[in-house]
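Visitor: Got a predicted model here, sequence first, then my questions.
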Amino acid sequence: MGVFCAHSADTPARSSWAAADSTRSYFTAVRIAGVLAFGLAVLILLGWAGDITILKSGLSGQRATQPLTAVCFAVCGICLGLSTESCVLCRVLQRAGASLVLIFGGATVWQNALDVDWGLDRFLFSDSIVHEQPGEYLRPGRPAGGTLIALTLLCLCLLLTEARTAAARSLYIWFATVGALLAATLLLAYAFSLDSLYAMGFYAHVGLISSIELAALFYGALLRRADLGWVHLLAGASVGAVSARRILLWTGSLLVILAVIVRVGTVAALYGAGFEVTLLTVGSLGVLLAALLAHARRLNALETIRNNVASDLRAVETELVRASHGKDELLAALAHELRNPLTPLRNGIEIVRQMSSSNPALARTADMMARQIIHLMRLVDDVVGKQFGAQEAQGTPEPQPVEPWQLRILVADDNSDGAASLAMLLQAEGHVVLTAPDGRMAVELAELFRPEVILMDVAMPHVDGLEATRQIRAQPWGVDVRIVALTAWGQEAERRRTQEAGMDFHLVKPVDPRALAGVLAAGRPFGSQR
């Protein structure tokens, strides 16, 4: 209906709900409904101008839609189309047209109530109208009572299309719903030849074409505010909304087919009234059953899709867990490989520090290198994550100022530079130190050397540090040996493994000299603690 509108530079923006809500996609359907109502009204007027019965009433023997009623339908169709436009002029014309039709309806009701005739009904085609037989209590050219009530509800909806308050929105959806039910009932009555329904009370004398007009206008009004009430639920994108729309489409199609069967049988006099009632009853139950089956079929399809998606998600989750475990293993290996080279460097710096007491420049250089090694260790921690961080074991004793003492210490490490540098550091402090390149040699040397402290690397060839510890603990002389785990792995699971194997402390490479001094102090032959 854009032909009715001329946009200006200062046209206000569309209301926020229309701009933000997906119901704008229904505006095309609303415009189609408006055009359909307008076109049918024009055909009705052409039928009156040319005395064409099928255009006036649709079926022979049915009540014709009156000319002024057709004009009201045309105006309402234009107003419905204008309601989808955002310019001020369109809104003014929409409300003016709806108000004009509302005034006409009020005037007609007033004439009926006072039993007077102001001549409005004969404003168009007066010569043709006087030959009409409108029915009991109706004057020629005057619309039926049901049509008047429906037009009143429709005009109220058109005046409330931009409603913002909750009460006004509720009134809108109620008016549109009642009008849509009225139109649907009339169409079903005509479709199934229910003469007793459309000939009584509220439905009396409402023509077939009028019923079609009202259906187009009221369903267009419902779609115009598809953001309200039950229409919002039906027009949504949820699974329930899609299923409901499919059921409505399926049910409507079956009702049309059933109506055609009933109409053909009635016209051809193939059966009597009793059989017709039976056919309608059985057919209605069939329609309901077909709708339920269609819904069940859709639910089964959705359940299959859901199960497939759930299966795919489980497979993806399993793959992600596997990838996460692989990542953890890779990071653990990376931590081990990065920490091992740092061990001899830190040990060497500590040796230089101890030997530089008489050389201040060398002492400052050793301090600088120690700081950079610590910084490098923190970078390693950041690279592999916190679970592999260099956290010392809880309860590691702090070194206490004590007099020098001599310990027999066995250093078992497959990293020759790490073992040699640590041995040099310990020998510089006055201890007797031997080194072993693997776990098997560590067990053999311990049998001969009987060390008081064993600094045991965990990951070694032939026999690892855990198995070597268990073999040593199995010997009577190995019960009191202080065994300290040296490893690049600092996560809690690794600490439990070393503790279960029988190790007393867990130190992460490169070893902090203060932590090592604390372990050695705890391992003195007198007052040692297990």
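Guide: Now that the structure is in, tell me what you want to look at.

Visitor: phi, psi of the closest residue to Pro461 other than its chain neighbours?
Guide: Nearest residue to Pro461, sequence neighbours excluded (CB to CB, 6 or more residues apart in numbering): Asp438, at 5.0 Å. The C-beta positions use only the backbone N, C-alpha and C, and glycine is treated the same way. Main-chain dihedrals, Asp438, degrees, to the nearest 10: phi -160, psi 180.

Visitor: what's the distance between Asp438 and Met456?
Guide: 11 Å (CB to CB, to the nearest Å).

Visitor: Between these two, which contacts overlap?
Guide: Shared contacts of Asp438 and Met456 (CB atoms under 8 Å, 6 or more residues apart in numbering): Ala412.

Visitor: Between these two, point out the one with more neighbours.
Guide: Regarding Asp438 and Met456, a neighbour count based on other CB atoms under 10 Å identifies Met456 as having more, with 28 against 18.

Visitor: Quick one, grab the pLDDT at the residue nearest to the more buried one when sequence neighbours are not counted.
Guide: Once flanking residues are discounted, Met456 sits nearest to Gly465: 4.3 Å by CB to CB, 6+ apart. For Gly465, the model assigns a pLDDT of 93.

Visitor: likewise Val75?
Guide: 95.

Visitor: Quick one: list the elements packing against the helix or strand where it lies.
Guide: According to DSSP states H and E, Val75 maps onto helix 67-82. If contacts are counted by 3 or more CB pairs under 8 Å, 6 or more residues apart in numbering; DSSP states H and E, helix 67-82 sits against helix 27-50, helix 88-114, helix 145-159, helix 208-224.

Visitor: so what secondary structure elements neighbour the longest one?
Guide: By that I understand helix 88-114. helix 67-82, helix 145-159.

Visitor: Return the most buried member of those.
Guide: helix 67-82 (a mean of 26; mean count of other CB atoms under 10 Å).

Visitor: about what we covered before: so the residue nearest to Met456 touches Gly439, yeah?
Guide: Yes: Gly465 lies in contact with Gly439 (CB atoms under 8 Å); the separation is 5.8 Å.

Visitor: which residues are common contacts for these two?
Guide: In contact with both Gly465 and Gly439: Ala412, Met456, using CB under 8 Å, 6+ apart.

Visitor: Tell me how many other residues surround Arg450.
Guide: When neighbours are counted by other CB under 10 Å, Arg450 registers 13.

Visitor: how much space between it and Leu407?
Guide: Taken as CB to CB, the span from Arg450 to Leu407 is 12 Å.

Visitor: Repeat that for Arg346.
Guide: 21 Å.

Visitor: These two: who's more crowded?
Guide: More crowded of Arg346 and Leu407, by other CB under 10 Å: Arg346, with 25 against 19.

Visitor: Quick one, grab the pLDDT at the more buried one.
Guide: 74.

Visitor: Now do the contacts for it.
Guide: Neighbours of Arg346 in contact, by CB under 8 Å, 6+ apart: Ala370, Ile373, Pro510, Val511, Pro513.

Visitor: If you rank those residues by neighbours, which is first?
Guide: Busiest of those [other CB under 10 Å] is Pro510, holding 28 neighbours.

Visitor: Wait, a strand at that residue?
Guide: No: counting by DSSP: H, G, I helix; E, B strand; the rest coil, Pro510 is not part of a strand but coil.

Visitor: any idea how far it lies from Val88?
Guide: 79 Å.
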